[in-house]
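Undergrad: Attaching a predicted model along with its sequence, questions to come.
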Amino acid sequence: MGPRRVPDVAWAPGVHDTLPQDDYGTPIRLVSLPNILPGWLFAYQLGVAWGEGRVGRRHAWGLLLGGAALFAALLLAFGYPASMVGVPGEARTNAHPPSLLVLALAAAQSGAAVLLRDRLGRWLRRPALWAPVVVVNLSAMTILCWHRTAMLAAAVPGAYLGEVPGLVGAPDSAGWILARLAWLPVFAGLLVLIGRYARGFESPWARTGPARRALAGVLAAGFAVFALGLA
């Protein structure tokens, strides 16, 4: 699975993005839903190719320059939203299903990561830099799964107070961005608190009975239906 196979999972987002959009930014459902898996497999395929030693510096430069050029063209010439996730005020989202802009960003980031790997590796030989990276990586899945919950734990109560800068409302000014940065320590503290109790759900459920497994399956299926917009 080398770099030449990567475009095999990139065609679906390209087809999806050429379809007409309705008022909610949702294209034809039959193409939109099957597009989710190949769209997110693009970066995974790049990782597999790199892990097998099939992505060299020449490929990395191509990913970086090509991804950056495509990203700029889609953003500036084709009117793609700048945010990688859905935000208030945008008619469409880049994340669900993933658009070509997400793939362009993933390509550029992957190329940069491969090019910087050796230099970063030398830096991380220092214990002072290596230790924090290891600590964060030990909780990488917890951070991925629960960071939005931590944000909502602050945003939902804050919504009752009106337009709290950086917490709710449209990100339409530099002041909002600065306020958001000020909220990051609060989000981080809530994430640490949530992660302390959530990590128990991430370990193997060796002592979980059939009833709880069935309940977890039903909840997972319900979330999948909601996430895919089927209900």
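TA: Great, that's in hand. Residues are numbered from 1 along each chain as shown.
Undergrad: Kindly provide the distance from residue 64 to residue 83.
TA: 22 Å (C-beta to C-beta, to the nearest Å). For glycine as for every other residue, the C-beta is placed from the backbone atoms N, C-alpha and C.
Undergrad: Who has more neighbours out of these two?
TA: residue 64 (19 against 14; other C-beta atoms under 10 Å).
Undergrad: How about the contacts made by residue 187?
TA: 147, 150-151, 154 (C-beta atoms under 8 Å, 6 or more residues apart in numbering).
Undergrad: what sits against the nearest residue to residue 107 once chain neighbours are set aside?
TA: Distance criterion C-beta to C-beta, 6 or more residues apart in numbering; nearest residue to residue 107, sequence neighbours excluded, is residue 67 at 3.1 Å. By C-beta under 8 Å, 6+ apart, the contact list for residue 67 reads 103-111.
Undergrad: now residue 214
TA: By C-beta under 8 Å, 6+ apart, residue 214 has no neighbours at all.
Undergrad: can you map out the helices along the protein?
TA: Taking DSSP state H as the test, the helices found in the chain are 11-18, 29-32, 36-51, 57-76, 100-123, 127-138, 140-159, 174-198, 210-227.
Undergrad: Ok, which of those comes nearest residue 165?
TA: For those, the distance to residue 165 is smallest for helix 174-198, at 3.9 Å, taking C-beta to C-beta.
Undergrad: average pLDDT for that closest one?
TA: The average pLDDT for helix 174-198 rounds to 91.
Undergrad: next one: that helix to chain centre, how far?
TA: Distance, stretch centre to chain centre, for helix 174-198: 17 Å (C-alpha atoms, centre = their mean, to the nearest Å).
Undergrad: One more: stretch 71-82?
TA: With C-alpha atoms, centre = their mean, you get 18 Å for stretch 71-82.
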